[in-house]
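[1] here is my input, please return the structure:
(2 chains)
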2 protein chains.
Amino acid sequence: MSEFITVTYQTEGKDLYKKAQGIAVGMTVGSWTDLPLARQELLASYLGNVADVRIEREANGIQQGTIAINYPAGNITADIPALLTTVFGKLSMDGKIKLLDIEFPPSLLAQFPGPKFGITGIREKLGVYDRPLLMSIFKSCLGLPLEDLETQFAAQIEGGVDLVKDDEIFFVDNRAPLKERLAAYNRIIEQAGRPVLYAANLTGPVHEIVDRAKYAIENGANCLLLNVLPYGFDILHRLAADPDITVPLMAHPSLAGAFYQAADYGIASPLLLGKLNRLAGADFILYPSPYGSVALEREEALAIADYARTEQSAGAPAFPVPSAGIHPGLVPQLYEDFGTDVIINAGGGVHGHPNGATDGGRAFRAAIDAVVNGQTLQEAATNNAPLAVALDKWGGA
Amino acid sequence: MSEFITVTYQTEGKDLYKKAQGIAVGMTVGSWTDLPLARQELLASYLGNVADVRIEREANGIQQGTIAINYPAGNITADIPALLTTVFGKLSMDGKIKLLDIEFPPSLLAQFPGPKFGITGIREKLGVYDRPLLMSIFKSCLGLPLEDLETQFAAQIEGGVDLVKDDEIFFVDNRAPLKERLAAYNRIIEQAGRPVLYAANLTGPVHEIVDRAKYAIENGANCLLLNVLPYGFDILHRLAADPDITVPLMAHPSLAGAFYQAADYGIASPLLLGKLNRLAGADFILYPSPYGSVALEREEALAIADYARTEQSAGAPAFPVPSAGIHPGLVPQLYEDFGTDVIINAGGGVHGHPNGATDGGRAFRAAIDAVVNGQTLQEAATNNAPLAVALDKWGGA
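    Reported below is the predicted structural model:
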């Protein structure tokens, strides 16, 4: 029996059902009704079909709605370039059409690596099981000498963060080369006496990224950051599938807005950032939070977290990391929206603390402890000065 | 002296100049006015600046227009992932913003491979100098046994096409594996007694693509097709830069619509398909023609051709291949719009000829000969039956 990949699009046309039929044939075997019977028999297992058509509006002879197409899973090799080319390659250019979702048969999911560590593996690395994790971002990296970055790093660690990540635009690092950076940061982590993950930005030619990742690991990297969309999903997949890549992988959403922001075109963010990153093997999925100025709709942000954490995918459930605009006063909202298995990730909310990044981290940790213990932030702030100062600056629930 | 990459965006905001300043600082060194003087001196060479602000409309307190930012060229490594992450990574998610264009300083252009063969090199390979080239696409590839594909290939060659390309969705080729396909097609080309380029679809894991390309070349490939956006621009760059990749590279626009179709988001098609493909090293740039149902605006289609062929870029000028909806009757329009250095590329316009693909090719070749000799198609059709039949079916200028 054929298994199908079911792909849902939002689109419009004079006759959506006819359009769906055209896609089902045109994006698979090319033509059908005019083929001789012997050819039809030969190609039957490659032929797509229409799974669903929902007309949501109809005006001036144009139907708008969603269509779902079944593509035989055997039409593609188990990789994201083949998948995207097959289900949205040519079609992406065919007028108003947005790729909303893709459902995979279990046999295909099993061929993708998925996250190697996921939520459970990362919690084991950090020894933290019962609260959201806290990550901070360097205030900036580009152009700074190593000693400045070490100072920034140490201040963040002292504040109690569980993870620190490089700035994603950190490509030119000649003032603080990766190997030296790793050695310096690892010394600071050792002095702290507790595990901290530092996500080093992977850079360089795509066909050398796997080797560069191994070099980073040999030199002490315990986590790696990748600009997944600028490099293409496939290299994330290959990193995750490589048994010698023994550290968690963090997917940055760089360039994602070019795909998901338009209402009528592109690829919906839950699919793009939640489902495809998980499939390709991201242990951490960064994306815009629903709170800041660079914001996603709340439903989209929650849907990304659902796809990141669902059991129905490849590998282990991944950590959602809703980012941007996060300050300590938002922690109760984050906890309500995303629960315990989330990374609270802040840049300005740590570095912008009136007393500096260390108190910025402390304020977050106090806020996190408060929400998991059922305290209000105001209660917690009565005996935590950094949190009191943070709430005073940013406000809070 | 710093050299700059100048990046133009279409966007909106309460104060476009302020927005531009925020981007120039925020996407480079992160902050500026609050930095101590010593830090400013350290970071000055990494700081972006505002090159231009053009307010085109203003209503309800919102300014719409274009802004141009100068990014120091030294902020990036010379590769497209670093470029896109730096100039549009985070920014792509920041509300209404479309990346319109990027201008590179010559020193940066010189670090990109650009096309290895380009228009001149390809004309030399084919021995055709004075007319547009003709390419045909297989009617379909997926699921067909090799003997069927051989029959299709031979019929296209007999019609006089200069190039044939695989279907871009041809990932699963177990019924006609690449090595056997190359051997069979090369026998047919040899029998034809003239050079023909066959663009074989490159598939597989991205970090193995360079090796797969070499394997294809060892087995007789004389041209390679790549789904550039699903794989990421960088692997095209690495193929083009590799001295052992001794055949021209053809860039398919698969997935491009997800970037360029929206008016207010994403990346404009001339930059995406024309400039970046050229920079990364595509010898042939496929993209939607302005004529078919899957169409680009005429200005965009011409701008892509301009970026493909300009001298002001990396490597040799590349062939524009405006595709989709092309039939012999459109050849005069194509010639008027794109001149001699263009590939006329047809699928249905070849295979849909009432007398089959061979006469489909012949009709195109007759139409091409007519336009370069200043004949009308009607004149040419009087002593060319395939062209007469084609004009009868599709009409023509």
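[2] and A:L286, that one's in a strand?
    Yes: according to DSSP: H, G, I helix; E, B strand; the rest coil, A:L286 belongs to a strand.
[3] any idea what it is bridged to?
    A:V321 (DSSP bridges).
[4] got the contact list for it?
    Residues in contact with A:L286 (C-beta atoms under 8 Å, 6 or more residues apart in numbering or on different chains) are A:M250, A:A251, A:H252, A:P253, A:V321, A:S323, A:N345. Placement of C-beta: from N, CA and C, glycine included.
[5] how about 6 Å then?
    A:H252, A:P253, A:V321, A:S323 (C-beta atoms under 6 Å, 6 or more residues apart in numbering or on different chains).
[6] pLDDT check: weakest of these?
    pLDDT across these is lowest for A:S323, at 95.
[7] where does that one sit relative to B:A155, distance-wise?
    55 Å (C-beta to C-beta, to the nearest Å).
[8] likewise A:N201?
    In terms of C-beta to C-beta, A:N201 sits 51 Å off from B:A155.
[9] picking up where we left off before, turn the contacts of A:L286 into a markdown table, including secondary structure, neighbour count and distance to B:T86.
    Formatted as a markdown table, the contacts of A:L286 follow (DSSP: H, G, I helix; E, B strand; the rest coil; neighbours: other C-beta atoms under 10 Å in any protein chain shown; distance: C-beta to C-beta, whole Å):
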| residue | secondary structure | neighbour count | distance to B:T86 |
| --- | --- | --- | --- |
| A:H252 | strand | 31 | 12 |
| A:P253 | coil | 29 | 15 |
| A:V321 | strand | 28 | 21 |
| A:S323 | strand | 24 | 18 |
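[10] which one of those residues is nearest A:S269?
    A:P253 (8.6 Å; C-beta to C-beta).
[11] for the residue lying closest to that closest one once chain neighbours are set aside, give me the pLDDT.
    In space, and not counting its chain neighbours, A:P253 is closest to A:Y287: 4.8 Å by C-beta to C-beta, 6 or more residues apart in numbering or on different chains. Looking at A:Y287, its pLDDT is 97.
[12] same deal with the one 5 residues further on?
    Reading off the per-residue confidence, A:G292 sits at a pLDDT of 79.
[13] go ahead and confirm it touches A:S323.
    No: here A:G292 does not reach A:S323: they are 8.0 Å apart, not a contact under C-beta atoms under 6 Å.
[14] what about chain A, any weak spots by pLDDT?
    A:1, A:294, A:397 (pLDDT under 70).
[15] quick one: stretch A:107-120 near chain B?
    No: against chain B, stretch A:107-120 shows no contacts by C-beta under 6 Å from any C-beta of the partner chain, the least distance being 11.5 Å.
[16] list the buried ones in that stretch?
    Buried residues in stretch A:107-120, counted by 16 or more other C-beta atoms under 10 Å in any protein chain shown: A:L108, A:L109, A:F112, A:P113, A:G114, A:P115, A:K116, A:F117, A:G118, A:I119.
[17] for it, what is the distance to the chain centroid?
    14 Å (C-alpha atoms, centre = their mean, to the nearest Å).
[18] what does that stretch contact?
    So stretch A:107-120 is contacted by A:3, A:73, A:78, A:240-241, A:248, A:279, A:281, A:283, A:314-319, A:341 (C-beta under 6 Å, 6+ apart).
[19] now with 8 Å?
    A:3, A:5, A:73, A:78, A:121, A:125, A:237, A:240-241, A:245, A:248-249, A:278-283, A:309, A:312-319, A:341.
[20] export it to CSV, keeping only CA atoms.
    What follows is stretch A:107-120, C-alpha atoms only, in CSV (Å, rounded to 0.1, in the frame of the first residue of the first chain):
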residue,chain,number,x,y,z
SER,A,107,7.7,5.4,7.9
LEU,A,108,9.0,8.7,6.5
LEU,A,109,9.3,10.3,10.0
ALA,A,110,11.5,7.3,11.0
GLN,A,111,14.0,8.2,8.2
PHE,A,112,14.6,11.7,9.7
PRO,A,113,17.0,12.1,12.6
GLY,A,114,15.1,14.4,14.8
PRO,A,115,16.7,15.9,17.9
LYS,A,116,19.4,13.7,19.5
PHE,A,117,19.0,15.1,23.0
GLY,A,118,15.7,17.0,23.2
ILE,A,119,14.2,18.2,26.4
THR,A,120,15.1,15.2,28.5
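[21] what distance do you get for the residue in chain A positioned nearest to chain B to B:A78?
    Distances between chain A and chain B by C-beta to the nearest C-beta are smallest at A:G232, namely 2.9 Å. As for A:G232, its distance to B:A78 is 18 Å (criterion: C-beta to C-beta).
[22] ok, back up a step: check contacts around the residue nearest to A:P253.
    A:P253, A:A256, A:S269, A:L273, A:G274, A:L296, A:A301, A:I304, A:P320, A:V321, A:P322, A:S323.
[23] now A:P205
    B:D79, B:D234, B:H237, B:R238.
[24] now list the buried members of these.
    Using 16+ other C-beta under 10 Å, the buried members of the contacts of A:P205 are B:D79, B:D234, B:H237, B:R238.
[25] quick check: buried residues in stretch A:344-357?
    Those would be A:I344, A:N345, A:A346, A:G347, A:G348, A:G349, A:V350, A:H351, A:G352, A:H353, A:A357, for stretch A:344-357 by 16+ other C-beta under 10 Å.
[26] for the residues you listed, which one is nearest A:L178?
    Nearest to A:L178 among the buried residues of stretch A:344-357, with distances taken as C-beta to C-beta, is A:G347, at 21.0 Å.
[27] A:G232 and B:A78: which is more packed in?
    A:G232 (24 against 19; other C-beta atoms under 10 Å in any protein chain shown).
[28] count of neighbours near A:L146?
    17.
[29] so what's it up against?
    A:R175, A:A176, A:E180, A:R181, A:A184.
[30] ramachandran coordinates for A:W32?
    phi -140, psi -60 (degrees, to the nearest 10).
[31] skipping adjacent residues, who's closest to it in space?
    Per C-beta to C-beta, 6+ apart, closest to A:W32 is A:V25, 4.8 Å.
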